[in-house]
Each structure stands twice: as structure tokens, then as C-alpha cells.
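What would the 3D arrangement of this be:
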Amino acid sequence: MRHFGLIGYPLEHSFSVSYFTGKFKKEKIDASYRNFPLEKASEFEKLVRDEPDLYGLNVTVPYKQAIIPYLDALSQTARAVQAVNTICFCRRDPSKALTGHNTDVIGFEKSLKQHLRKHHSQALVLGTGGSSSAITFVLESLGIAYERVSRSEGEGKISYGALDPDLVNRRKLIINCTPLGMHPRIDSCPDIPYEALSRDHLLFDLVYNPGKSLFLARGEAKGASIVNGYDMLIYQAEASWEIWNRKR
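Numbers count the residues shown, from 1 in each chain. Down below sits the predicted model:
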């Protein structure tokens, strides 16, 4: 039996175990999938030693960037994004190489394209972590101009305090790449001027648990179109499965 899993911390919010367990059962695949909560990225080395039958891992917050030094190689996309959400244990006897990939790029692009309209030509990207790197990579490939928003101002990013209604009104695509609103802290959301939203806006939240975060609910109340991260999760998970099963 091959073993797969998810690393991150915390992992109570994740649907990955139920998704892959259901997939394995439905498709009669002899494999298992487990959560491996790591309080520190450095615990990854011990995990690899203790679990010799691992064939692949998914990576979630907060380790999409921190995991890179522990890998042997990166795919072209992961190198460009400088974030990893999928690790392949590439076995070449007598050793194995750990290769990092980024399937968030695939998942986000496929999900976003279903909802994009011509007027969604400018975006606000909330958050500057590993997930946001994949999102901005896709936006650039689609020719969508964007502004990155963080808690503090810096090179290539503005602070939440710099967001005013006029800026929000002009940027019709707003993507939440932060964990704000994710289970169990469902009463939180990014601090933006929601009063500036309109029916022309599209709000995309990478959070998928709950299905409608406070960020999305507040946007919906203003008439905006809303999308959660569930479809993105499915698309990236299937892309991970394809990577783990490539012939070497």
C-alpha cells in the first residue's frame, strides 16, 4: 500500500483526508492518506525518516515556502512561484529524491476562469504568503493587473490602511489569500472597505471551510459575485495525484 498525506499546522480545517480517502475507495486504489500536523517546518525531516512508505505529500499553511530548503529539487513552476504545495517522493533505487511542485497554480487558474468577466481586469490580492505567490503568478499569466495588500506597507505591497473606497471600487477582482475566516475562527475577515463593493465585483476566497466565509458573505450582501476555494482544492488535488503517479 502506498501512503500519502498533508503537512501543515493546524490541520483541523482540511478536507484533504476525506477527499482522498473517498477517491481511493471509489476508484479501488490501494493507498491511504493522513494528516501530519507539524508544529515546525524542521519536523519534516523526522517525518520523512519515520514514514518510509510515503509516496507524496500535500503542503498547506504555514509551510508552503518554509518547506523548500528541505527538498532536493523544485519543478519549474514551483521555482518561479517560490512556493510548494505538493511533494513527490521520486524513488530511484537505492535512494529517493523529494521534488516540490505547485498545483495551486493549476487549481486557481481553472477555478478563476469559470467566473472571470472582461471588467475583472484589475485585482487586489489580500495576503503575501506562499498561497498569494501562486495567485499572482496566475494573474500575471492572464494579464490581470494587481495590487498586493499586507498588514504592513513595503516593496510591491500596500497596507490595509491604504485601502480606500475608490481603490476598492476600481479593483473589481478581490482575492483573499489569508487564513482569516477559516474554521474555527469563522468570525474574522480581511479589513477592507466592504461598502465600496458592487455587483460588478468578484470576490474569490481561498478559504473553503466554511463554504461561505465572512469575507464572501459581506461581499454577497453588496451584490458581488463570490467564489470559495473548494473547486480550487479539487483541481489542485487531482493535479497532485497526477504528479504522484507519473511514470519515472
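
Wait, residue 23 touches residue 32, no?
No. Here residue 23 does not reach residue 32: they are 11.5 Å apart, not a contact under CB atoms under 8 Å. For the C-beta atoms, the positions are set from N, CA and C on the backbone; glycine is no exception.

Go through the helix of greatest length in the chain and flag the buried ones.
The longest helix of the chain (DSSP state H) is helix 230-244. Neighbour-count burial for helix 230-244 flags 230-237, 239-241, 243-244 (criterion: 16 or more other CB atoms under 10 Å).

can I get the residues you listed in a markdown table with distance to residue 125 and pLDDT?
Converted to a markdown table, the buried residues of helix 230-244 look like this (distance: CB to CB, whole Å; pLDDT from 0 to 100):
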| residue | distance to residue 125 | pLDDT |
| --- | --- | --- |
| 230 | 20 | 96 |
| 231 | 19 | 97 |
| 232 | 14 | 98 |
| 233 | 19 | 95 |
| 234 | 22 | 97 |
| 235 | 19 | 98 |
| 236 | 18 | 97 |
| 237 | 23 | 97 |
| 239 | 21 | 98 |
| 240 | 23 | 98 |
| 241 | 27 | 98 |
| 243 | 25 | 97 |
| 244 | 29 | 96 |
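
mind giving me JSON lines with these and columns for distance to residue 2?
Shown next, in JSON lines, are the buried residues of helix 230-244 (distance: CB to CB, whole Å):
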{"residue": "230", "distance to residue 2": "26"}
{"residue": "231", "distance to residue 2": "26"}
{"residue": "232", "distance to residue 2": "25"}
{"residue": "233", "distance to residue 2": "21"}
{"residue": "234", "distance to residue 2": "21"}
{"residue": "235", "distance to residue 2": "22"}
{"residue": "236", "distance to residue 2": "19"}
{"residue": "237", "distance to residue 2": "16"}
{"residue": "239", "distance to residue 2": "18"}
{"residue": "240", "distance to residue 2": "13"}
{"residue": "241", "distance to residue 2": "11"}
{"residue": "243", "distance to residue 2": "13"}
{"residue": "244", "distance to residue 2": "8"}
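
Please identify which of those is nearest to residue 114.
Checking the buried residues of helix 230-244 against residue 114 by CB to CB gives residue 231 as the nearest, at 7.6 Å.

ok, and the closest non-adjacent residue to the closest one?
residue 111 (4.3 Å; CB to CB, 6 or more residues apart in numbering).

Contact partners for that neighbour?
204, 227, 229, 231-232, 235 (CB atoms under 8 Å, 6 or more residues apart in numbering).

did I read that right, it in a helix?
Yes. According to DSSP: H, G, I helix; E, B strand; the rest coil, the state of residue 111 is that of a helix.

Give me the distance between it and residue 155.
Taking CB to CB, to the nearest Å as the measure, residue 111 falls 29 Å from residue 155.

name the helices or strands packed onto the worst-scoring helix or strand of the chain on mean pLDDT?
Within the chain, no helix or strand scores below strand 86-92, which has a mean of 85 by mean pLDDT, DSSP states H and E. Counting contacts by 3 or more CB pairs under 8 Å, 6 or more residues apart in numbering; DSSP states H and E, strand 86-92 packs against strand 54-59, strand 95-101, helix 230-244.

So which other helices or strands are in contact with the longest one?
Same thing as helix 230-244. Helix 230-244 packs on helix 16-26, strand 54-59, strand 86-92, helix 104-113, going by 3+ CB pairs under 8 Å, 6+ apart.

now the helices for the chain?
For the chain, the helices defined by DSSP H occupy 16-26, 44-50, 76-81, 104-113, 130-141, 165-170, 214-221, 230-244.

what's next to the second one, contact-wise?
What that stands for is helix 44-50. 7, 36, 38, 54, 63, 67, 70, 98.

Widest-spaced pair of these?
Among the contacts of helix 44-50, 54 and 63 lie farthest apart (CB to CB), at 15.6 Å.
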